[in-house]
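S.K.: Fold the following and give me the result.
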Amino acid sequence: MKNTQALGRPTLRPTVRHALRQRWTALSLREQRLILLATGVLSLAGLWWLGLAPALRTLQQAPAQQAQLDAQWQHLTALQAQAQTLQKLPRMTQAAALKALQNVTTERLGTHAKLNTTGDRCTVTLTQVAPEALAQWLTQARTQARAVPVEAKLQRAALASEGAPSPANTTSTTPTKPPVWSGSVVLSLPAS
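M.R.: All right, here's what the predicted structure looks like:
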């Protein structure tokens, strides 16, 4: 049975405590000081690893995380402003939207795109379109024609003029051209 102090906490058995006290008094003063110093160093190391190091690491990472969060906030604010701008635009008829989409497609993509309209859906077939032109076209189709992309089936393709590289000319020093996109994009036009 364990002995308890007045507060009800268990204590070491008197024989173990007595043995430890005898062992401590048997040590020389130098050994006692070294044990106390080692205990203090271990306590400080534990305090550092468990308490201070994680907090300092968090403080070091905070500016980078704050910058990332600020960039995300700015992006979301820009998207919110864009959405509010689109909501404020007057309603457009389907015929007007189709005409605007045809104009944007001819202006941005030229002969690299063909339109096919069925009801309120418009399928645009793309052939070797540069990524920048595709991105600009999608943006303008959304803002000017109020067309919403519903489905896209696009594949990266090499330019037709490039062809397959010949085995003898695989170490050519000519710069490579960026990939182009081919496929189709289905857009939903506003309902009349």
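
S.K.: All the helices of the protein, residue numbers only.
M.R.: In the chain, the helices defined using DSSP state H lie at 14-26, 29-47, 53-88, 94-109, 131-144.

S.K.: could I get these as TSV with mean neighbour count?
M.R.: For glycine as for every other residue, the C-beta is placed from the backbone atoms N, C-alpha and C. What follows is these, written out as TSV (neighbours: other CB atoms under 10 Å):
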stretch	mean neighbour count
helix 14-26	10
helix 29-47	10
helix 53-88	10
helix 94-109	17
helix 131-144	16
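
S.K.: Those helices: lowest mean pLDDT?
M.R.: The stretch with the lowest mean pLDDT among the helices of the chain is helix 14-26, at a mean of 86.

S.K.: Test my guess that Q136 contacts L109.
M.R.: No. Counting by CB atoms under 8 Å, Q136 stays clear of L109, with 9.3 Å between them.

S.K.: domain ranges for this structure?
M.R.: The chain is divided into the following domains under automatic domain parsing: 13-59, 94-159+178-188.

S.K.: Centre of the protein to the edge, which residue is at the far end?
M.R.: A26 (63.5 Å; CA atoms, centre = their mean).

S.K.: related to what we said a few turns ago, for V124, find the nearest of the helices of the chain.
M.R.: Across the helices of the chain, the minimum distance to V124, taken as CB to CB, is reached by helix 94-109, at 6.5 Å.

S.K.: quick one: the closest one to helix 131-144, angle?
M.R.: Here helix 94-109 points in a direction 160 degrees away from that of helix 131-144 (axes from the mean of the first three to the mean of the last three CA atoms, to 10 degrees).

S.K.: helices and strands around helix 94-109, which ones?
M.R.: Packing partners of helix 94-109 (3 or more CB pairs under 8 Å, 6 or more residues apart in numbering; DSSP states H and E): strand 113-118, strand 121-129, helix 131-144.

S.K.: can you rerun that using 6 Å?
M.R.: In terms of contact count using 3 or more CB pairs under 6 Å, 6 or more residues apart in numbering; DSSP states H and E, helix 94-109 is assigned the packing partners helix 131-144.

S.K.: For stretch 142-152, which residues meet the burial criterion?
M.R.: R142, Q144, A145, R146, A147 (16 or more other CB atoms under 10 Å).

S.K.: then that stretch to CSV, C-alphas only?
M.R.: This file holds the C-alpha atoms of stretch 142-152, laid out as CSV (Å, rounded to 0.1, in the frame of the first residue of the first chain):
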residue,chain,number,x,y,z
ARG,A,142,-17.7,35.3,-71.3
THR,A,143,-17.8,39.0,-71.0
GLN,A,144,-19.0,40.2,-74.4
ALA,A,145,-21.3,37.3,-75.4
ARG,A,146,-22.2,36.1,-71.9
ALA,A,147,-21.4,32.6,-73.1
VAL,A,148,-20.5,30.2,-70.3
PRO,A,149,-18.2,27.2,-71.0
VAL,A,150,-20.0,24.0,-70.3
GLU,A,151,-17.7,21.4,-71.7
ALA,A,152,-14.2,21.4,-73.2
